[in-house]
Structure formats: structure tokens, C-alpha cells
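Undergrad: Here is my input; please provide its structure:
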Amino acid sequence: MSDQLVALADDLSGAAEAAVLLAGVHPDGRVARSASVVLGGTPSSVGNVPSSLRKPPAGDDEVVVMDLDTRDRPGTTAAGDLGSVGFCKVDSLFRGDPGALVDRLIEHGRTPIVTTAVPALGRTLIHGRILVHGAPLTDSGLLTLEPTMTGDVLGQLGRERTKTVPLETVRGPRQALIAALDLRSSSDSDDEQRVVLVDAENDHDLDAVVSAAQALPTPVLVGAGGLAAAVGRRATAGTPLPHDAPSAHQPGPSLVVVGTASASATAQLRVLADAGVPVLPIPRAVLLDALVDHEVRDIDHPALLAVRAARNAGTVAITLEDREVPTPHLSRRLAAGLGVVASTLAGSCNLVLTGGETARRTLDHLGVDRLRLERVLDHGCVLGVTATGRGVVTRPGSFGAPDNLLLAVRALGDAVPGAAAPNPRKAALA
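TA: All right, here's what the predicted structure looks like:
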């Protein structure tokens with residue numbers, strides 16, 4: 001399609017979030033425009049990164065987001081023609097290496113317009129720095145697992161090459177904001193400036209940025225869920241609610257895979273177990289061996305036999321053994337190994353995948369290269385369908401209410417007791 005919006009994201013859960021927000025989400029959770037995620041590259045081990053955007057994604061979806069799978073791989077980003085890219089999804093706390101993606105856009109003659117604000121999560125950008133509920137990121141309590149983050153987006157982008165646009169300009173006349181975003185026409189712009197960083201506090205600010213940016217010839221917006229949602233609002237304003245067609249996935253039991261040790265995931269697993277879903281841990285040795293071999297070596301391991309038996313009876317959840325014991329030096333490897341194990345155990349089940357690394361490895365090893373997205377189930381939960389009709393819910397590791405996993409399982413068609421029917425709620429996603 002000539003008006004297809006092609007976007008990039010640095011991990012799978014972020015790609016799914018960006019896709020539905022860019023497509024527009026109605027209050028009941030349904031996606032307003034057709035949207036899909038393409039898993040770029042091929043199945044890979046840690047250190048062998050799929051990173052090339054070889055050509056614009058095929059298909060007739062109105063929004064297509066490429067998962068570059070680069071969040072935890074600093075300095076690695078898209079290669080190839082970036083001329084068709086209209087949006088780049090980055091983490092709202094600027095984790096990973098967004099600067100590398102910005103570099104590639106500049107090399108292709110694009111002017112990145114960046115803002116990280118997600119008002120629904122209390123995350124704003126003021127004077128080029130991230131604030132969380134009005135406090136500096138360093139005082140937010142969000143740095144437990146990644147203490148190197150500073151919240152200094154301007155510093156990460158490079159002060160010499162970045163033009164900043166303050167709130168008063170964002171909230172001023174539209175033509176003045178358009179001029180501020182357009183480095184070619186900005187008389188006070190230094191010749192070395194190649195990036196525009198825009199302050200924003202609320203959705204009205206983000207709407208103004210999107211409106212002004214889209215008045216430029218070839219804008220490329222770089223931001224988190226707040227900016228993606230603003231793009232979606234503008235694109236779908238006044239469009240009718242889509243027909244309530246049945247989901248394309250086959251309803252039935254799910255394999256729930258939790259590759260994160262976050263406290264919120266622990267609470268969600270507890271709710272799932274209280275509803276009668278077996279929650280079975282996989283030993284670390286099995287996960288690490290699977291990662292090395294790219295297959296499960298000990299298929300008759302007692303833990304795996306237990307999962308197969310539970311799966312044959314209905315929905316089952318798997319997670320890391322001793323997940324409460326912190327092992328930051330192994331976290332990525334264990335999450336990736338869990339993805340290999342999950343692909344072996346999945347059978348014909350639908351999937352609920354928590355954590356971007358685990359989700360990507362699971363789908364890689366199942367040979368899934370595209371997800372057609374249908375709806376937002378709850379904060380952090382996006383329901384998609386593979387080409388073969390398998391339902392897949394992707395969700396970040398630290399998002400969601402305690403009943404989040406249970407709602408996902410029920411939405412995929414398993415009548416697990418202990419929870420009301422899913423109540424989709426539109427939410428800005430980071």
C-alpha cells in the first residue's frame with residue numbers, strides 16, 4: 001500500500017505495542033487499522049544478531065512494525081534502506097542503544113524527531129531529561145536492574161548535534177512548532193545539528209508534535225508508546241469502529257512462558273496458580289544447555305515430562321527455576337534458553353509470552369516470522385495470530401495487573417476458572 005506506515009522497534013513486545021498504538025486502539029481494545037509485526041532476521045544465538053532491514057515488509061497491512069531484536073545488543077541496529085520508515089519505537093526510559101538507530105537514520109538523510117514522554121505512566125521529557133511523576137529518573141526507583149541509566153536523553157543523543165524544542169514552543173503557534181522541527185528552515189539551527197529533541201508532558205503536547213511533524217516532507221518520529229499513540233489518534237480520528245469479527249486464532253489451551261523475574265510477574269503467576277493452572281519451573285541447567293545446542297538435549301528430563309503431561313490436560317505455565325535468586329549475568333541467557341525450551345514444549349497450544357527476549361526466541365524456533373495483531377487485552381497485553389492460526393499474546397516483563405496472565409489465557413479460549421471475562425482497557429504502552 002502506498003500509505004503503509006513502516007516502523008521499527010528494538011524488541012518484540014515493544015514492536016507489538018507500537019503496532020497497535022500506531023494503528024489506533026478503540027476503547028474496547030480492538031485495533032482500528034490492520035497491523036502486523038515482522039520478525040526481522042533469522043533464528044539466532046546470543047551474539048549472532050539479526051539486524052538487517054532488507055526491504056520494506058510485504059503484505060497489505062496498514063501498519064507494519066519490524067522487530068530488530070536489538071534491545072540488549074548495544075551498537076547493533078538496522079542496516080539497509082531506511083527511507084520508508086516513518087516511526088521508530090524506543091524504550092520510554094531510553095534503555096538499549098537508541099543512539100545507534102538515530103545514527104543510522106541520519107546516515108540515510110533523515111532528521112529524527114525524538115520525544116520519550118508517556119503521560120499515562122507519568123513519564124515526561126523536560127529540558128531533555130526524563131522525569132517520572134515529576135522526579136528525575138535517578139530518584140524514581142526504576143534503576144534497580146539497570147543502574148547505569150541516567151535519564152539524560154539529550155546527553156545520550158549528543159548535545160552538539162541535537163536541537164532542543166522546549167514546552168513553550170510545543171504549546172505555541174503550530175507554524176512556529178513546524179519551523180522548530182524543520183532543521184532546514186530553522187535560521188538559528190547550527191550546521192552540525194541533525195536531531196530534534198522535543199519536550200512533552202501530556203497527550204496534548206504529543207498530539208501537537210505529531211501534527212507539526214506530519215506537515216514536513218518526510219518526518220521520522222522516534223519515541224515510546226505515548227508518541228505512537230498520538231500517531232494512531234491522528235490517523236484514526238473519526239473512523240468507525242471495526243466490525244466485531246471473531247478472532248482468527250484457534251481457541252484452546254495455552255502455554256504460558258514467563259522469562260522474567262520481576263515482582264509483577266511473580267504476582268501474576270500466583271493468580272494463575274490460584275486459578276488452577278500448573279506453574280512449573282524449568283532447571284537452569286536445562287535452559288543453558290538448550291541455548292548452547294539450540295535444541296533441548298534432555299527431552300526426557302523429569303521437569304519437561306511434567307510440563308508435557310500438564311499441557312495435555314490443558315493450560316500450563318513454565319518459568320525459571322529459582323527465579324527469585326538474582327543472577328543478572330545469566331538473565332538474558334536464561335530467558336533465551338527458556339524460549340528454546342518453550343518452542344519444544346508448545347505443541348499446538350496458543351502462547352502467552354512474557355519478556356521480549358523469551359518471546360522472540362520462542363517464535364524464532366517455531367519458525368514464526370509475522371504476527372497479525374488483533375486487539376489490546378489489557379495494559380501490556382497484545383493479542384496476535386500467526387499464519388497458521390496460533391494465538392500469541394506478547395507482553396513486557398514488568399507490566400500488567402495481577403490478573404494479567406489469567407485474562408490472556410481466557411482471551412485465547414481456555415475457560416480457566418477464577419477470573420471474569422477479559423475486560424480490555426485501552427492504555428498507553430511504554
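Undergrad: Only C-alpha atoms from now on, for both contacts and neighbour counts.
TA: Noted.
Undergrad: For beta bridges, what are the partners of residue 36?
TA: Beta bridges link residue 36 to residue 64, residue 372, judged by DSSP bridges.
Undergrad: Quick check: the gap between it and residue 29.
TA: 16 Å (CA to CA, to the nearest Å).
Undergrad: more crowded one of those two?
TA: Between residue 36 and residue 29, counted using other CA atoms under 10 Å, the more crowded position is residue 36 (28 against 21).
Undergrad: wait, that one sits on residue 61?
TA: Yes - applying CA atoms under 8 Å, one finds residue 36 in contact with residue 61, separated by 6.6 Å.
Undergrad: Following the record's annotation, map out the domains of this structure.
TA: For the chain, automatic domain parsing gives the domain ranges 5-236, 254-411.
Undergrad: looking at these, which is closest to residue 246?
TA: Closest to residue 246 of these is domain 254-411 (CA to CA; 9.9 Å).
Undergrad: Now do the closest one, average pLDDT.
TA: Average pLDDT, domain 254-411: 89.
Undergrad: how close does the closest residue to residue 396 other than its chain neighbours sit to residue 322?
TA: Among residues not flanking residue 396 along the chain, residue 355 sits closest, at 4.9 Å (CA to CA, 6 or more residues apart in numbering). Distance, residue 355 to residue 322, using CA to CA: 17 Å.
Undergrad: before we move on, what about residue 249?
TA: Remark: distance between residue 249 and residue 322 (CA to CA) = 33 Å.
Undergrad: where does residue 196 sit relative to residue 92, distance-wise?
TA: From residue 196 to residue 92 the distance is 17 Å (CA to CA).
Undergrad: can you give me the strands for the stretch 251-400 of the chain?
TA: 254-258, 279-282, 316-320, 350-354, 370-378, 381-385, 391-395 (DSSP state E, counting those that start in this stretch).
Undergrad: Now do the buried residues in the third one.
TA: I take that to be strand 316-320. Buried residues in strand 316-320, counting neighbours by 16 or more other CA atoms under 10 Å, are found at 316, 317, 318, 319, 320.
Undergrad: wait, which of those residues is closest to residue 382?
TA: For these, the nearest to residue 382 is residue 317 (18.1 Å; CA to CA).
Undergrad: List of residues touching stretch 274-286?
TA: 269, 272-273, 296-298, 303-304, 306-307, 310, 315-322, 334, 416-419 (CA atoms under 8 Å, 6 or more residues apart in numbering).
Undergrad: Straight-line length of it, end to end?
TA: For stretch 274-286, the end-to-end distance is 27 Å (CA to CA).
Undergrad: Grab the nearest non-local neighbour of residue 3.
TA: Nearest one to residue 3, counting by CA to CA, 6+ apart, is residue 62 at 7.3 Å.
Undergrad: Tell me, how many residues neighbour that neighbour?
TA: Residue 62 has 18 nearby residues by other CA under 10 Å.
Undergrad: Then the one 4 residues further on?
TA: Around residue 66 there are 29 other residues, counting by other CA under 10 Å.
Undergrad: Now do the SS call for it.
TA: At residue 66 the chain is in strand, as set by DSSP: H, G, I helix; E, B strand; the rest coil.
Undergrad: and what of the one 3 residues further on?
TA: Residue 69 falls in the coil class when you classify it by three-state DSSP.
Undergrad: Could I get the phi/psi values of it?
TA: phi 60, psi 50 (degrees, to the nearest 10).
Undergrad: Look at residue 355 and residue 322 and report which has more neighbours.
TA: Higher neighbour count among residue 355 and residue 322: residue 355, with 27 against 13, using other CA under 10 Å.
Undergrad: any idea where the helices of the stretch 251-400 of the chain begin and end?
TA: Assigned by DSSP state H, counting those that start in this stretch, the stretch 251-400 of the chain shows helices spanning 263-274, 284-293, 302-313, 331-345, 356-365.
Undergrad: can you put those helices in a markdown table and add distance to residue 14 and mean neighbour count?
TA: Output for the helices of the stretch 251-400 of the chain, formatted as a markdown table (distance: least, CA to CA, whole Å; neighbours: other CA atoms under 10 Å):
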| stretch | distance to residue 14 | mean neighbour count |
| --- | --- | --- |
| helix 263-274 | 17 | 19 |
| helix 284-293 | 23 | 19 |
| helix 302-313 | 28 | 16 |
| helix 331-345 | 17 | 25 |
| helix 356-365 | 8 | 26 |
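Undergrad: Relative to residue 257, which of the ones you listed is closest?
TA: Here helix 331-345 is closest among the helices of the stretch 251-400 of the chain (CA to CA), at 7.0 Å.
Undergrad: list the helices and strands that closest one packs on?
TA: strand 254-258, helix 284-293, helix 302-313, strand 316-320, helix 356-365 (3 or more CA pairs under 8 Å, 6 or more residues apart in numbering; DSSP states H and E).
Undergrad: ok now it, how far from the chain's centre?
TA: Put simply, helix 331-345 sits 18 Å off its chain's centre (CA atoms, centre = their mean, to the nearest Å).
Undergrad: Likewise for stretch 135-142?
TA: 22 Å.
Undergrad: For that stretch, which outside residues touch it?
TA: Residues contacting stretch 135-142 (CA under 8 Å, 6+ apart): 129, 130, 131, 132, 143, 149, 150, 151.
Undergrad: Identify those among these that sit within strands.
TA: Per DSSP state E, strands hold the following members of the contacts of stretch 135-142: 129, 130, 131, 132.
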